[in-house]
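Participant: sequence and predicted structure below; questions after.
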Number of protein chains: 2
Amino acid sequence: MTSARLAIGIDVGGTKVAGGLVDVSGAVLAVARRDTPDRSKSPDVVEDTIVDVVGELIAVVSAGGIGQVVAVGVGAAGFVAADRATVVYAPHLSWRNEPLRDALRDRVAVPLFVDNDANAALWAEHRFGAARGESHALMLTLGTGIGGALLIDGEIFRGRFGIAGEFGHMQVVPRGSRCECGNRGCWEQYASGNALVREARSMMYAGVPAVADLAERVGGDPASLTGPLITEAAQEGDATAVELITEIGQWLGVGMASLAAAFDPGVLVVGGGVSAAGEMLLEPARESFARQLPGRGYRPMPPIVAAELGNRAGLIGAADLARRSVDS
Amino acid sequence: MTSARLAIGIDVGGTKVAGGLVDVSGAVLAVARRDTPDRSKSPDVVEDTIVDVVGELIAVVSAGGIGQVVAVGVGAAGFVAADRATVVYAPHLSWRNEPLRDALRDRVAVPLFVDNDANAALWAEHRFGAARGESHALMLTLGTGIGGALLIDGEIFRGRFGIAGEFGHMQVVPRGSRCECGNRGCWEQYASGNALVREARSMMYAGVPAVADLAERVGGDPASLTGPLITEAAQEGDATAVELITEIGQWLGVGMASLAAAFDPGVLVVGGGVSAAGEMLLEPARESFARQLPGRGYRPMPPIVAAELGNRAGLIGAADLARRSVDS
């Protein structure tokens, strides 16, 4: 089937640039990964890396004679303008009004589109994963922060200027914890990987005995603590780690109840690295959601489900959205 | 012009049932009002009142030979199902899964549609008022509580089950003030007419000297205090009343920043009785909004404007939405 219409999806994260060759069924035929280069050295290094990854995947297609690459989609953790060409604000990638599509257009031979990474992930889950068959869905990607996206009538909702879905920066605690965005009390300070690590570290610094097992895992160095490490400890039965993840889940449920009041979704999908904690995270989330949902008892209770496509959702969705733009 | 296609809009509130005869330009040609009857006496009294108001307005049309009533729209303060026939949950009207359209169908000779009152108000502001020409708008109606509505791509957003836009019940203060919905810390406990009155009353009960002027206005009876009275006092320069309205405005701005992060609207419209306070309310709202909007400096700052159609927005919008449903 040499005429297969393939698309390349690129997921640009704070630590990794992951690319994938994606077919129309959402299958990933080949992958290519690079570390995200340090942009403080040169403004073009991230673009160079994207071009490099695209080149590698196109070479795979040429060598295998397995089809034709018709579009490239780039998913980035940041505010992407409605033109799907410009990253207006990406705190973790130091992009400010970055004309990413124009910068790449002459270096990539096929049409290219930029999208918010959570939008891309939700699109993938809608087409091939946990939100299949649902017209109205809300997605949260829990990593360092909280990425958010909305599906309305089967389409990604972009808002007036392209930057809808920044749920992580809704204020949930007046005068609460300081956030990287400059505000205080943002939801992502309470229901993300960052929150998990911050809480555990503060206990380690305070010498709380309950955190001894976690401390041991990082040789007593709070700075070495990571979200995945805490999840691992919880899965092995560490009570403090379980408690920390439960708390994140409860905050997640409260915020999701607020979002359900506003958006009335048919399903809420939880993805991102932190969602690896699985039911340990989702069970407390469902409990506090059910306690908090306004009008409960008089409305359908939308299910809270785990994402199905794992950390490839972003690149699968970016690829599929880009191919769809070319085809429409 | 005897062929004018007129519609009747009915706004069903906790205290008043207001009806209006509305032409295609949004002009209100005639009005009819009744007190909202006490539903504890009989389940049908509100329906009876609606039928009565519709009858009065149809008689005006017949007598004047001024056109033809093609549709009736009913706006109600509650969760209205996607079929626009059933009020699933209306705390202030004691409706629970009320099949309002079916109950009225045989008693009203023209097609009838039910809508959430804030949806109706936003539609009116979009067609004829403050959100004219804007495809993405967010509306808040500040009364006893907070009504909310969203316009997306020029259409009222209803969500998966018809009940989107319940912004007033988003949690903004963990373990905060108890809300009529049963939860704690709902936004409408901090940025509504109820909040205004509650704060002033608690000062009166505590004998705070700063509230002496307000106390005098109600003959020392905290129970007689109302939102409009506090607004009036503020407009006449009472410092405590001004401070209370400023505080409501600040809470309003913080919540609107969260909503703008989520929805990315082109404009935010503030209506409802409390908005009579005008700039006294909107200025502090704009200030805290500007301080709190995530990504500020890298995104367009959507304007916060006052509704233009006053307390007739609900009936104008309900009428226009109903006519539109008949015409489509």
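Facilitator: Now that the structure is in, tell me what you want to look at. Numbering: from 1, shown residues only, chains lettered A, B, ... in the order given.
Participant: check contacts around residue A:291.
Facilitator: A:253, A:257 (CB atoms under 8 Å, 6 or more residues apart in numbering or on different chains). (Glycine included, C-beta is placed from N, CA and C.)
Participant: in which helix or strand does it reside?
Facilitator: If you go by DSSP states H and E, residue A:291 is part of helix A:279-292.
Participant: same deal with residue A:74?
Facilitator: Here residue A:74, judged by DSSP H and E, is contained in strand A:68-76.
Participant: next, the buried residues of that strand.
Facilitator: A:69-76 (16 or more other CB atoms under 10 Å in any protein chain shown).
Participant: how far away is residue A:88 from chain B?
Facilitator: With the distance defined as CB to the nearest CB, to the nearest Å, residue A:88 ends up 5 Å from chain B.
Participant: can you check residue A:129 too?
Facilitator: 18 Å.
Participant: before we move on, what about residue A:96?
Facilitator: 6 Å.
Participant: which strand residues bridge that residue?
Facilitator: Note on residue A:96: beta-bridge partners residue A:89, judged by DSSP bridges.
Participant: that one against residue A:86, yeah?
Facilitator: No - the criterion here is CB atoms under 8 Å, and residue A:96 misses it with residue A:86 at 10.2 Å.
Participant: the two - which one has more neighbours?
Facilitator: residue A:86 (20 against 14; other CB atoms under 10 Å in any protein chain shown).
Participant: would you mind measuring from the closest residue to chain B within the stretch 51-200 of chain A to residue B:295?
Facilitator: Per CB to the nearest CB, residue A:159 is where the stretch 51-200 of chain A lies closest to chain B, at 2.6 Å. Using CB to CB, to the nearest Å, one obtains 12 Å as the distance from residue A:159 to residue B:295.
Participant: kindly report the same for residue A:273.
Facilitator: Here residue A:273 is placed at a distance of 23 Å from residue B:295 (CB to CB).
Participant: just residue A:258 next, same as before
Facilitator: 20 Å.
Participant: more neighbours: which of these two?
Facilitator: More crowded of residue A:258 and residue B:295, by other CB under 10 Å: residue A:258, with 28 against 21.
Participant: for the more buried one, grab phi and psi.
Facilitator: Backbone torsions for residue A:258, taken as degrees, to the nearest 10, come to phi -60, psi -40.
Participant: geometric centre of chain A: which residue is closest?
Facilitator: residue A:141 (3.9 Å; CA atoms, centre = their mean).
Participant: so that residue, which of the three states?
Facilitator: Assigned by DSSP: H, G, I helix; E, B strand; the rest coil, the conformation of residue A:141 is strand.
Participant: related to what we said a few turns ago, within reach of chain B, which of the buried residues of strand A:68-76 are there?
Facilitator: Filtering the buried residues of strand A:68-76 for proximity to chain B by CB under 8 Å from any CB of the partner chain leaves nothing.
Participant: which two of these have the greatest separation?
Facilitator: Maximum pairwise distance among those (CB to CB): 20.9 Å, between A:70 and A:76.
Participant: can you pull the contacts of residue A:292?
Facilitator: Contacts of residue A:292 (CB under 8 Å, 6+ apart): A:253-254, A:257-258, B:171, B:183.
Participant: show me these that map onto helices.
Facilitator: A:253-254, A:257-258 (DSSP state H).
Participant: and the residues you listed, which is closest to chain B?
Facilitator: Taking CB to the nearest CB as the measure, chain B lies nearest residue A:258 of the ones in helices among the contacts of residue A:292, at 3.7 Å.
Participant: just give the closest residue to residue A:97, not the sequence neighbours.
Facilitator: Counting by CB to CB, 6 or more residues apart in numbering or on different chains, residue A:97 lies nearest to residue A:88, which is 5.6 Å off, once chain neighbours are set aside.
Participant: what helices or strands is the strand holding residue A:74 leaning on?
Facilitator: strand A:5-12, helix A:45-64, helix A:100-105, strand A:112-116, helix A:117-128, helix A:313-327 (3 or more CB pairs under 8 Å, 6 or more residues apart in numbering or on different chains; DSSP states H and E).
Participant: off-centre distance for that strand?
Facilitator: 18 Å (CA atoms, centre = their mean, to the nearest Å).
Participant: now do the buried residues in stretch A:312-326.
Facilitator: A:312-323, A:325-326.
Participant: just the CA atoms of that stretch, as CSV, please.
Facilitator: Output in CSV follows, covering the C-alpha atoms of stretch A:312-326 (Å, rounded to 0.1, in the frame of the first residue of the first chain):
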residue,chain,number,x,y,z
ARG,A,312,2.1,9.0,22.4
ALA,A,313,-1.3,10.8,22.4
GLY,A,314,0.3,14.2,21.7
LEU,A,315,2.2,13.1,18.6
ILE,A,316,-0.7,11.0,17.3
GLY,A,317,-3.1,13.8,17.7
ALA,A,318,-0.8,16.4,16.2
ALA,A,319,-0.2,14.2,13.2
ASP,A,320,-3.9,13.5,12.7
LEU,A,321,-5.0,17.1,13.1
ALA,A,322,-2.4,18.2,10.5
ARG,A,323,-3.5,15.5,8.0
ARG,A,324,-7.1,16.6,8.5
SER,A,325,-6.2,20.2,7.8
VAL,A,326,-4.6,19.2,4.6
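Participant: what average pLDDT does it get?
Facilitator: When pLDDT is averaged over stretch A:312-326, the result is 97.
Participant: doesn't residue A:64 make contact with residue A:6?
Facilitator: No - assessed by CB under 8 Å, residue A:6 is found out of contact with residue A:64, at 10.4 Å.
Participant: so for those two, which sits in the more crowded spot?
Facilitator: Neighbours per residue (other CB under 10 Å) separate residue A:6 from residue A:64, with residue A:6 holding more: 23 against 12.
Participant: could you check how far the more buried one is from residue A:95?
Facilitator: 27 Å.
Participant: one more: residue A:240?
Facilitator: Distance from residue A:240 to residue A:95, by CB to CB: 37 Å.
Participant: more neighbours: those two, which one.
Facilitator: Neighbours of residue A:240 and residue A:95, each counted by other CB under 10 Å, are more numerous for residue A:95; the result is 24 against 20.
Participant: follow-up on the earlier one: how many neighbours does the residue nearest to residue A:97 have?
Facilitator: Residue A:88: 20 surrounding residues under other CB under 10 Å.
Participant: pretty sure it is touching residue A:82, no?
Facilitator: No - Residue A:88 lies out of contact with residue A:82 (CB under 8 Å); the separation is 9.9 Å.
Participant: shared neighbours of these two, anything?
Facilitator: With CB under 8 Å, 6+ apart, residue A:88 and residue A:82 have common neighbours residue A:162.
Participant: what parts of the stretch 51-200 of chain A come near chain B?
Facilitator: By CB under 8 Å from any CB, the part of the stretch 51-200 of chain A that sits against chain B consists of A:79, A:88-89, A:96-97, A:134-136, A:148, A:152, A:157-167, A:169-174, A:181, A:183, A:186.
Participant: what's near enough to touch the residue nearest to residue A:97?
Facilitator: By CB under 8 Å, 6+ apart, the neighbours of residue A:88 are A:78-81, A:96-98, A:162-163, B:295, B:298-299.
Participant: what average pLDDT does stretch A:158-177 get?
Facilitator: Here the average pLDDT along stretch A:158-177 is 95.
Participant: show me what contacts residue A:240?
Facilitator: If you count contacts by CB under 8 Å, 6+ apart, then residue A:240 has A:200, A:203, A:210-211, A:213-214, A:233 around it.
Participant: again, but for residue A:275
Facilitator: Residue A:275 makes contact with A:141-142, A:281-282, A:306-307, according to CB under 8 Å, 6+ apart.
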